[in-house]
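Q: Got a predicted structure here, sequence first:
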Amino acid sequence: MNKNKYTREKDNANILIEPVLFDCVGAQGSYRHTKKRPISSTQDLPFSTRKSLPVRGRAQGGSEGNVIVEENPIDWTFRPADLQGVNDAFAVYVSGASMTPKYKNGDLIYVHPSRAVAKGRFVLVETKEHKGFIKQFVAWRNDTLILQQFNPSKEIRLPKSEVLRVMLAIGSLDC
């Protein structure tokens, strides 16, 4: 039987071992087992086989933020399955420790810019000055964006007039 590095045999059936890197399923770095056919195309891989996702800059872990490089990527990385086919998707490196233990300095955050955000999810906020930072989304109340920071724990409020966009962080890679 032809095996690849993503499958193993269990009870005479091919089992795909999928790395789970995203917030919505289990602990980061855990694995889940699903019965699937052997991997036959790049669409079945958890990550692309080539570096096709632009890294747009560093998102500050603190409240000040760093400039997000929008036009010229500072690096390229492998595209996770959830971002395949999402043309405007990108990644950013975390700088700082304000979201520790969730995100640490140097982690790579994958951003889906058009997915809806929900309470408790993690987001990349880009201000009108093109500064970016990662926080936990709490709510939009009237004309104020409310976010939670972990280290030190505090609530952050930004006027809507200062916010360019709020984008969903779909996962991370511990660098």
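A: Cool, the structure landed.

Q: Kindly provide the distance from L164 to F78.
A: Per C-beta to C-beta, to the nearest Å, L164 is found 27 Å from F78. The C-beta positions use only the backbone N, C-alpha and C, and glycine is treated the same way.

Q: ok, those two, which is more surrounded?
A: F78 (17 against 14; other C-beta atoms under 10 Å).

Q: what sits opposite the more buried one in the beta ladder?
A: K51 (DSSP bridges).

Q: I'd guessed it sits against V55; true?
A: No: look at F78 against V55 with C-beta atoms under 8 Å: they stay out of range, at 10.9 Å.

Q: Break the protein into its domains for me.
A: The record assigns the chain these domain ranges, following automatic domain parsing: 7-40, 47-173.

Q: Can you give me the end-to-end span of stretch 83-102?
A: One end of stretch 83-102 to the other measures 21 Å (C-alpha to C-alpha, to the nearest Å).

Q: got the buried residues for that stretch?
A: Residues of stretch 83-102 classed as buried by neighbour count (16 or more other C-beta atoms under 10 Å): 83, 86, 89-96, 98-99, 102.

Q: What average pLDDT does it get?
A: The predicted model gives stretch 83-102 an average pLDDT of 90.

Q: Which of the helices or strands spans R165?
A: strand 163-173 (DSSP states H and E).

Q: Mind giving me the packing neighbours of that strand?
A: Other helices and strands packing on strand 163-173, by 3 or more C-beta pairs under 8 Å, 6 or more residues apart in numbering; DSSP states H and E, are strand 75-80, strand 108-112, strand 122-127.

Q: could you give the angle of that strand to strand 108-112?
A: Between strand 163-173 and strand 108-112, the angle comes out at 130 degrees (axes from the mean of the first three to the mean of the last three C-alpha atoms, to 10 degrees).

Q: Now render the helices and strands packed on strand 163-173 as JSON lines, adding mean pLDDT.
A: As requested, the helices and strands packed on strand 163-173 are exported to JSON lines (pLDDT from 0 to 100):
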{"stretch": "strand 75-80", "mean pLDDT": "91"}
{"stretch": "strand 108-112", "mean pLDDT": "94"}
{"stretch": "strand 122-127", "mean pLDDT": "92"}
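
Q: JSON lines for these, including distance to P152?
A: Below are these laid out as JSON lines (distance: least, C-beta to C-beta, whole Å):
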{"stretch": "strand 75-80", "distance to P152": "30"}
{"stretch": "strand 108-112", "distance to P152": "21"}
{"stretch": "strand 122-127", "distance to P152": "17"}
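
Q: who's in contact with the residue nearest to L145 when sequence neighbours are not counted?
A: If you skip the residues right next to it in sequence, L145 has L158 as its closest partner in space, 4.5 Å away by C-beta to C-beta, 6 or more residues apart in numbering. Contact analysis of L158 by C-beta atoms under 8 Å, 6 or more residues apart in numbering lists V125, T127, T144, L145, L147.

Q: That'll do, ta.
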